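> sequence and predicted structure are below.
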Amino acid sequence: MNFFSGIRYNMKGLKMGVKTPRLLLLGMARFAAVMILTVFSTGLLLVYHEQILNAVWAKPESLWIVWLWHVGAWLLTLLLAGLAAILSYLLSQILFSVVIMDYMSLITERIVTGREQTPAETSLPRRFWFLIRQEIPRTVFPLLLILIILIVGGLTPLAPVLTLLSAGVSAVFLAWDNTDLIPARQMVPFNRRFVQLLKSLGFHMGFGILFLVPGLNILLLSFAPVGATLYQLDKAKRERPNT
């Protein structure tokens with residue numbers, strides 16, 4: 001599937017999620033989990049902002065360089081706020097969202113097919129632990145890659161190009177975090193799932209591109225598991241005659 005197919009599946013998932021009461025409730029729960037952790041961590045940062053700043057660089061007495069201290073203070077605040085948001089998202093994904101996302105995918109699968117594609121021999125605790133373990137590299141690796149790109153961009157004249165590249169990488173991996181739900185639930189090995197991602201970069205770029213739009217991304221990310229599950233079900237249906 002191509003770039004525009006990704007956009008269409010994203011919007012189909014939003015439409016189905018809003019119209020289905022159980023999916024709507026879970027989508028709002030996922031949104032609330034991320035927001036609560038983000039507000040809490042950012043608030044904690046603001047409370048201890050002055051102590052953190054003084055530990056990094058005490059305010060100079062010289063009026064000639066005090067302006068530089070104020071600039072550094074604002075930059076440090078922005079950096080710490082961004083770090084707090086990233087850590088909150090990561091913590092929410094690992095502790096809450098992986099469960100919510102998987103359940104949204106299960107509900108979507110049951111609505112469309114009347115059943116769920118889960119190995120019968122897999123117990124619920126084992127499947128849950130597998131999902132948690134899979135979420136860690138699926139979330140940490142993209143964040144590290146994006147940070148590396150941004151750091152390299154800040155140290156070279158290629159900053160504008162690398163900034164766009166980091167946005168594209170974010171879109172692809174945010175999409176994959178959702179389209180990978182069914183394969184992960186079926187306990188497909190991580191390396192095979194990653195290869196499948198590389199073979200469908202165009203689709204994932206399209207699916208994730210709207211996640212880069214401020215405001216809209218909050219709504220779409222809440223219901224992205226629905227559209228991603230619809231994509232995986234249609235993909236499996238197309239491939240079945242060839243197997």
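Arrived safely, thanks for sending. Numbering: from 1, shown residues only.

> name the residues that touch stretch 192-207?
1-7, 9-10, 168, 171-172, 175-176, 178-180, 183-184, 224, 227-228, 231 (Cβ atoms under 8 Å, 6 or more residues apart in numbering). (Each C-beta comes from the backbone N, C-alpha and C, glycine too.)

> let's see 6 Å
In this structure, residues lying in contact with stretch 192-207 by Cβ atoms under 6 Å, 6 or more residues apart in numbering are 1-7, 10, 171-172, 175-176, 180, 183.

> ok, stretch 210-226 next?
Residues outside stretch 210-226 that contact it (Cβ under 6 Å, 6+ apart): 10, 13-14, 16-17, 23, 27, 30-31, 101, 104-105, 108, 167, 171, 174, 178, 181.

> now do the end-to-end distance for stretch 176-195.
Criterion Cα to Cα, to the nearest Å; first-to-last residue distance in stretch 176-195 is 12 Å.

> can you give me the mean pLDDT across it?
Mean pLDDT, computed over stretch 176-195, is 86.

> just the buried members of the contacts of stretch 210-226?
Buried members of the contacts of stretch 210-226, counted by 16 or more other Cβ atoms under 10 Å: 10, 13-14, 16-17, 23, 27, 30-31, 101, 104-105, 108, 167, 171, 174, 178, 181.

> can you flag which of the residues you listed belong to helices?
Counting by DSSP state H, the buried ones among the contacts of stretch 210-226 place 10, 13-14, 16-17, 23, 27, 30-31, 101, 104-105, 108, 167, 171, 174, 178, 181 in helices.

> report how many residues lie close to residue 11.
Taking other Cβ atoms under 10 Å as the neighbour definition, residue 11 ends up with a count of 14.

> what does the one 4 residues further on give?
Burial of residue 15, expressed as a neighbour count using other Cβ under 10 Å, amounts to 13.

> cool, residue 21 as well?
Each residue near residue 21 was counted by other Cβ under 10 Å, and the total is 8.

> so how far is residue 27 from it?
Separation of residue 21 from residue 27 (Cβ to Cβ, to the nearest Å): 11 Å.

> residue 42 too?
Separation of residue 42 from residue 27 (Cβ to Cβ) stands at 23 Å.

> then residue 3?
Counting by Cβ to Cβ - residue 3 and residue 27 are separated by 24 Å.

> now do residue 152
Look at residue 152 and residue 27: by Cβ to Cβ, they are 36 Å apart.

> again, but for residue 107
Shown here: residue 107 relative to residue 27, a distance of 11 Å by Cβ to Cβ.

> what's the answer for residue 9, then?
As defined by Cβ to Cβ, residue 9 lies at a distance of 16 Å from residue 27.

> same check on residue 39?
Relative to residue 27, residue 39 is positioned 19 Å away (criterion: Cβ to Cβ).

> just say helix, strand or coil for residue 208.
helix (DSSP: H, G, I helix; E, B strand; the rest coil).

> isn't it up against residue 177?
No: counting by Cβ atoms under 6 Å, residue 208 stays clear of residue 177, with 8.9 Å between them.

> how about residue 20, phi and psi?
For residue 20, the backbone dihedrals (degrees, to the nearest 10) come out as phi -110, psi 110.

> pull the contacting residues for it.
By Cβ under 6 Å, 6+ apart, no residues touch residue 20.

> for residue 149, see how far away residue 161 is.
As judged by Cβ to Cβ, residue 161 and residue 149 stand 10 Å apart.

> more crowded one of the two?
The neighbour comparison of residue 161 against residue 149 (other Cβ under 10 Å) goes to residue 149, with 21 against 12.

> name the element that one belongs to?
When secondary structure is defined by DSSP states H and E, residue 149 falls within helix 124-155.

> rounded mean pLDDT for that helix, please.
The average of the pLDDT scores along helix 124-155 is 68.
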